[in-house]
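Q: got a sequence here, can you model it:
(one chain, ligands or ions: 1)
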Amino acid sequence: MVKQTAGRDQLGGFAPKFAQLNDDVLFGEVWSREEKLSLRDRSLVTVVSLMAQGLVDSSFQYHLVRAKNNGITKEEIAEILTHGAFYAGWPKAWAAFRMAKEVWTEDTPAENEKEAHANRMLFPVGNPNDNLARYFTGQSYLAPLCAEQVGIFNVTFEPGCRNNWHIHHASSGGGQILICVGGCGYYQEWEKEVRELHPGDVVNIPAGVKHWHGAAPDSWFSHLAVEVPGAEASNEWLEAVDDAYYGCLK
Ligand code: MN
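A: Model prediction:
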């Protein structure tokens with residue numbers, strides 16, 4: 001069954017009956033009759049109906065996103081709107097295409113954003129950080145910059161990506177230095193306030209301190225990780241940063 005709360009969320013106080021009809025009848029009953037007509041086909045009918053009225057407001061955008069999620073491809077929406085243009089009117093199709101283009105090209109912005117981030121930064125992004133992926137939430141990338149004397153890596157986090165709580169152990173010396181080189185991120189030590197990081201910020205992490213680091217939810221982030229030499233150095237990976245806690249940052 002299709003679950004809808006937009007009516008109650010937006011009009012529950014002002015027009016409770018309309019909200020109930022929207023959420024429970026239109027979506028709860030009509031949209032939900034999937035055995036009669038698939039969600040994909042219902043999306044197609046809805047998008048064409050709205051376009052035919054020249055409605056290209058936020059509700060049209062909502063239904064385009066829904067149509068995409070219900071399986072209508074970029075090629076199909078282009079065909080649907082082209083076909084509809086002859087019956088509904090050329091300018092209406094133009095207006096609809098402007099919005100559809102935004103919804104169906106959203107497949108690539110992640111790549112574009114990554115590229116834009118890389119272009120603003122002096123150091124390379126490198127390759128997916130597959131070896132440590134199990135200790136990260138989200139996708140990170142690793143570019144080894146220096147393997148002699150002191151290990152230095154450029155670590156890049158996609159928006160929302162962060163590593164698990166962890167400890168850099170050493171019996172003497174050791175620990176890690178972070179030098180922020182791009183985007184916006186966070187650093188937090190156990191039971192301390194989270195610290196927001198920007199390019200140029202430096203974080204000294206002594207050995208033995210439980211901490212995590214990563215991107216802000218809405219920004220790519222890169223820092224150089226300097227592995228401070230130490231005796232008997234090792235990394236201990238612990239639990240992931242709580243989603244609810246991370247979600248409240250920013
Ligand atoms: Mn660390």
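
Q: and Thr156, that one's in a helix?
A: No - going by DSSP: H, G, I helix; E, B strand; the rest coil, the assignment for Thr156 is strand, not a helix.

Q: so it bridges to which residues?
A: Tyr141, Ser222 (DSSP bridges).

Q: quick check: it vs Lys3, distance?
A: For Thr156, the distance to Lys3 (C-beta to C-beta, to the nearest Å) stands at 37 Å. All C-beta spots, glycine's among them, are computed from the backbone N, C-alpha and C.

Q: can you check Leu39 too?
A: On the measure of C-beta to C-beta, Leu39 and Lys3 end up 13 Å apart.

Q: what about these two, which has more around it?
A: Leu39 (18 against 9; other C-beta atoms under 10 Å).

Q: who are the contact partners of the more buried one?
A: Val2, Trp31, Asn70, Gly71 (C-beta atoms under 8 Å, 6 or more residues apart in numbering).

Q: which parts of the least confident helix or strand in the chain by mean pLDDT are buried?
A: Counting by mean pLDDT, DSSP states H and E, the weakest-scoring helix or strand in the chain turns out to be helix 109-119, with a mean of 81. For helix 109-119, burial by neighbour count (16 or more other C-beta atoms under 10 Å) applies to Lys114, His117, Ala118.

Q: and the contacts of it?
A: Pro124, Val125, Thr156, Glu158, Pro159, Gly182, Gly183, Trp220, Ser222.

Q: only alpha carbons, please: show it as CSV.
A: Extracted in CSV, the C-alpha atoms of helix 109-119 (Å, rounded to 0.1, in the frame of the first residue of the first chain):
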residue,chain,number,x,y,z
PRO,A,109,25.5,15.3,-10.2
ALA,A,110,27.3,13.0,-7.7
GLU,A,111,30.0,12.5,-10.3
ASN,A,112,30.0,16.2,-11.2
GLU,A,113,30.2,17.2,-7.6
LYS,A,114,33.1,14.8,-7.0
GLU,A,115,34.9,16.3,-10.0
ALA,A,116,34.2,19.9,-8.8
HIS,A,117,35.6,19.0,-5.4
ALA,A,118,38.7,17.4,-7.0
ASN,A,119,39.3,20.5,-9.1
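
Q: now the element after that helix, going C-ward?
A: strand 127-128 (DSSP states H and E).

Q: and that following strand, how far from the chain's centre?
A: Offset of strand 127-128 from its chain centre (C-alpha atoms, centre = their mean, to the nearest Å): 18 Å.

Q: for it, which strands pair with it and how are they oriented?
A: strand 140-146 (antiparallel).

Q: domain parsing for the chain?
A: Per the record, the chain has its domains at 33-107, 114-247, by automatic domain parsing.
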